[in-house]
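Chemist: below are the sequence and a predicted model for it; my questions follow.
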Number of protein chains: 2
Amino acid sequence: MERRSFLKKAAVGASVGAVAAPALAQTQPTINWRLASSFPKSLDTLYGTAEVFSKRVAQLTGGKFNIRVFAGGEIVPPLQVVDAVQNGTVEVGHTAPYYYFGKDATFAFDCAVPFGMNSRQQTAWFDQGGGRDLMREFYKDYGIINFLGGNTGAQMGGWFRKEIKTLNDIKGLKMRISAFAGKVMQPLGLVPQQLAGADIYPALEKGALDAVEWTTPYDDEKLGFYKVAPYYYAPGWWEAGAQLSFYVGMKEWEKLPKEYQYAIEAASFEAHVTMQAEYDAKNPAALARLIKNGAKLRFFSKEIMEASYKAAVTTMDEEASKNAKFKKVYDHYKRFQRDQNQWFSVAELQMQSFMSSRK
Amino acid sequence: MERRSFLKKAAVGASVGAVAAPALAQTQPTINWRLASSFPKSLDTLYGTAEVFSKRVAQLTGGKFNIRVFAGGEIVPPLQVVDAVQNGTVEVGHTAPYYYFGKDATFAFDCAVPFGMNSRQQTAWFDQGGGRDLMREFYKDYGIINFLGGNTGAQMGGWFRKEIKTLNDIKGLKMRISAFAGKVMQPLGLVPQQLAGADIYPALEKGALDAVEWTTPYDDEKLGFYKVAPYYYAPGWWEAGAQLSFYVGMKEWEKLPKEYQYAIEAASFEAHVTMQAEYDAKNPAALARLIKNGAKLRFFSKEIMEASYKAAVTTMDEEASKNAKFKKVYDHYKRFQRDQNQWFSVAELQMQSFMSSRK
């Protein structure tokens, strides 16, 4: 509905633009921006999405608007992209918003919350359900305007040295797990660990760490965890559809010519499509190779899923009771998600269940 | 992999563009195109996607490249969009490729085939799995170059006057159903009917027609079939993720400045995202209203699903045995789909099944 009335206004805008255009085109400035990615080049699906974005922006502006992409750590530490955009170190960042959970848990709604929406639902909420407006209001305090930047799809639950069958198996388990999920699982006895990337493998090998979760088979395969922690669990209920964002500094955004703003908007949609498509295209073969090489695929038991779900709802409700920003987005997100799951239970789930039962 | 090496080449291209740009920008021509949609304005999600596309192309080109959108039937009959682009009546069309199943069943792979891929899988196949190249080779014979143009997601199985429980209930059933599904179901005794839109409701009311399938709740609600055929079945296995396309006349495409081609490419990705997001955002409330107004939600029985699947495979195999173009795409699509379903059975299906079991 909103979109329709917006389109009418836009049609008027387009005709005005048509008259003004030739003058505009001649006076477009050359602009060079720097983009800080949270991801290393080795995670090519994540890192590469910023290149898809930057390449298209350049193409759409006759090469006059150049955004140079820097991998995580090159000019900004991977988990400080939001700060770098906020304080103007870079004009744009590409990151997973839930990395900033420690600043404010509200960031997570723009990425993934425990037992949250899947990839398509998250896009629908953001693009057509009011999520974009809610998150933009939140990001104002950081001087940031945000754009869609890809999705991984539902992730795996990670690598475990031993099988995890009951809640008892979780007690005392030392796991490298994302912050929000760690907070949810602590009351169930899990001991969340913070380890730098390079330390994970040796810790797992020695048994100083019992489990680690990363992303999906295509990325997981590169890290080789299957050699020391072969039980590969699904689903990663804390990342049912982890969405990435492009963060643009609001001051820089406002200085851009309209046409360059349009280029960023359009390129962000393209990057959003290609990341999910690339993960979907690459994950099946990666999973097959992992299994061939000794990974043992397992599903979390009903007991563990139910207890985790209950713990997640408690944690989210508690956060909402003490964080008004979180509560505002949570209430909206929760209603949208409930409706989505009712609809997805019908045609989508019936169809996928049937297709999954084929040989 | 392909994308990576493409990016390297593109980066070189971008620097060249940067040098040439100012001259280019000044000499960009004003171009006016006409787009024929297959859809009436009343189907606002389908029709509106072409407006999203056209609006963005204008914005990205300073209003110099204008694509005027015409609703189905305004200048071209809804089901003759491919012909109109092929013979140059319009420069661009927005349509559901399987409408041209009668010309060549191969069109359907660019949209939906019985028991085909879901929305995300179809996008992955097209954008990252080789589908785009295969379809572009096919479209060469029609003088067309194609671009992503949205997806409806898994559709419903349609409206039935009586409950359909066994294969016996299908024998003699007169149903308005899409061409490919009709062909599949004929050996099971279904009698496919071709009826113009306006004739469907009275035929259902009188009992001259027993069932009709359309799209998803948001569109289905407008047509009011629930009043005369209240049993609303899922899933629509012949449209597990129906993808739409923008068709551009190859001759016109080749005449465009590079920058305008980039604008079309980028705008098509945006249109692709927004259509699926809009259907996802609107369908839950529409389904709830339909049920409140008397629609009775039903799932096709295992017996019917299994028999339909078997019939679909037979029909597809038969087509492949006599149509080399179909066979070429089918072999590729089939392998990709098998791999997709193995992966989607893990994290995605486990997660969706759990979330669907919540109250």
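Modeler: Noted; the coordinates are in hand.

Chemist: ok, the nearest residue to A:Ala347 once chain neighbours are set aside - contacts?
Modeler: Nearest residue to A:Ala347, sequence neighbours excluded (Cβ to Cβ, 6 or more residues apart in numbering or on different chains): B:Ala154, at 3.8 Å. Glycine gets a C-beta too; all of them are placed from N, C-alpha and C. B:Ala154 makes contact with A:347-348, A:350-351, B:118-119, B:235-236, B:239-241 under the criterion Cβ atoms under 8 Å, 6 or more residues apart in numbering or on different chains.

Chemist: reformat those residues as CSV; add secondary structure, distance to B:Met275 and neighbour count.
Modeler: Listed next are the contacts of B:Ala154 as CSV, based on DSSP: H, G, I helix; E, B strand; the rest coil; distance: Cβ to Cβ, whole Å; neighbours: other Cβ atoms under 10 Å in any protein chain shown:
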residue, secondary structure, distance to B:Met275, neighbour count
A:Ala347, helix, 16, 29
A:Glu348, helix, 16, 25
A:Gln350, helix, 22, 23
A:Met351, helix, 19, 25
B:Asn118, coil, 15, 25
B:Ser119, helix, 10, 24
B:Pro235, coil, 19, 25
B:Gly236, coil, 17, 27
B:Glu239, coil, 14, 30
B:Ala240, coil, 16, 29
B:Gly241, coil, 12, 23
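
Chemist: widest-spaced pair of those residues?
Modeler: A:Gln350 and B:Ser119 (14.6 Å; Cβ to Cβ).

Chemist: count of neighbours near the closest residue to A:Thr61 other than its chain neighbours?
Modeler: Leaving aside its chain neighbours, A:Thr61 sits nearest to A:Ala263 (5.4 Å; criterion: Cβ to Cβ, 6+ apart). Number of residues near A:Ala263 (other Cβ atoms under 10 Å in any protein chain shown) recorded here: 27.

Chemist: A:Ala263: helix or strand, and which one exactly?
Modeler: helix A:258-292 (DSSP states H and E).

Chemist: centroid residue for chain A?
Modeler: By Cα atoms, centre = their mean, chain A has its centre lying nearest to A:Gln243, at 2.7 Å.

Chemist: ok, that one - contacts?
Modeler: Counting by Cβ under 8 Å, 6+ apart, A:Gln243 makes contact with A:97, A:110-112, A:119, A:122-123, A:126, A:148-151.

Chemist: who are the packing partners of the helix holding A:Ala263?
Modeler: Packed against helix A:258-292, as judged by 3 or more Cβ pairs under 8 Å, 6 or more residues apart in numbering or on different chains; DSSP states H and E, are the following elements: helix A:44-60, strand A:144-151, helix A:217-223, strand A:243-249, helix B:44-60, helix B:119-128, helix B:258-292, helix B:324-344.

Chemist: tell me the mean pLDDT over it?
Modeler: What helix A:258-292 shows for mean pLDDT is 98.

Chemist: C-terminal to it, what's the next element?
Modeler: Next along the chain after helix A:258-292, taking DSSP H and E as the criterion, comes strand A:296-299.

Chemist: is any residue of that following strand near chain B?
Modeler: Yes - counting by Cβ under 8 Å from any Cβ of the partner chain, chain B is contacted by strand A:296-299 at A:297, A:299.

Chemist: what are the buried residues along that strand?
Modeler: A:Arg298 (16 or more other Cβ atoms under 10 Å in any protein chain shown).

Chemist: ok, now stretch A:276-290?
Modeler: Applying 16+ other Cβ under 10 Å to stretch A:276-290 flags A:276-284, A:286-287, A:290 as buried.

Chemist: repeat that for stretch A:207-218.
Modeler: A:209-218.

Chemist: next one: stretch A:93-112
Modeler: A:93-101, A:105-112.

Chemist: what's the answer for stretch A:131-148, then?
Modeler: By 16+ other Cβ under 10 Å, the buried positions in stretch A:131-148 come out as A:131-132, A:134-135, A:138-139, A:142-148.

Chemist: which members of these additionally contact chain B?
Modeler: Among these, the residues lying close to chain B (Cβ under 8 Å from any Cβ) are A:Leu148.

Chemist: the residue nearest to A:Pro78 when sequence neighbours are not counted - how many residues pack around it?
Modeler: Spatially, and ignoring its direct neighbours in sequence, A:Pro78 is nearest to A:Gly72 (3.5 Å; Cβ to Cβ, 6+ apart). Look at A:Gly72: counted by other Cβ under 10 Å, it has 23 neighbours.

Chemist: can you check A:Val191 too?
Modeler: Neighbour count for A:Val191, taken as other Cβ under 10 Å: 16.

Chemist: check A:Ala320 too.
Modeler: Neighbours of A:Ala320 (other Cβ under 10 Å): 18.

Chemist: tell me the one of the buried residues of stretch A:207-218 nearest A:Gly294?
Modeler: Proximity of these to A:Gly294 (Cβ to Cβ) peaks at A:Pro217, which lies at 13.6 Å.

Chemist: between the two ends of stretch A:250-268, how far is it?
Modeler: With Cα to Cα, to the nearest Å applied, stretch A:250-268 spans 16 Å between its terminal residues.

Chemist: how about that stretch: buried residues?
Modeler: Across stretch A:250-268, burial judged by 16+ other Cβ under 10 Å covers A:250, A:252-253, A:256-257, A:259-260, A:262-268.

Chemist: ditto for stretch A:335-353
Modeler: Residues of stretch A:335-353 classed as buried by neighbour count (16+ other Cβ under 10 Å): A:336-337, A:339-353.

Chemist: let's test this: mean pLDDT of it, rounded?
Modeler: For stretch A:335-353, the per-residue pLDDT averages 97.

Chemist: can you list contacts of that stretch?
Modeler: Counting by Cβ under 8 Å, 6+ apart, A:116-118, A:121, A:124-125, A:129-131, B:118, B:153-157, B:216-217, B:234-237, B:240, B:280, B:283-285, B:287-288, B:297, B:299-300, B:344-345, B:348-349, B:352-353, B:355-356, B:358 sit against stretch A:335-353.

Chemist: so A:Trp33 lies in a strand, does it not?
Modeler: Yes - looking at A:Trp33 with DSSP: H, G, I helix; E, B strand; the rest coil, it is inside a strand.

Chemist: ok, it to A:Tyr100 distance?
Modeler: 21 Å (Cβ to Cβ, to the nearest Å).

Chemist: as TSV, the buried residues of stretch A:276-290 with distance to A:Ala179 would be great.
Modeler: Output for the buried residues of stretch A:276-290, formatted as TSV (distance: Cβ to Cβ, whole Å):
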residue	distance to A:Ala179
A:Gln276	23
A:Ala277	28
A:Glu278	26
A:Tyr279	22
A:Asp280	26
A:Ala281	29
A:Lys282	27
A:Asn283	24
A:Pro284	29
A:Ala286	26
A:Leu287	26
A:Leu290	26
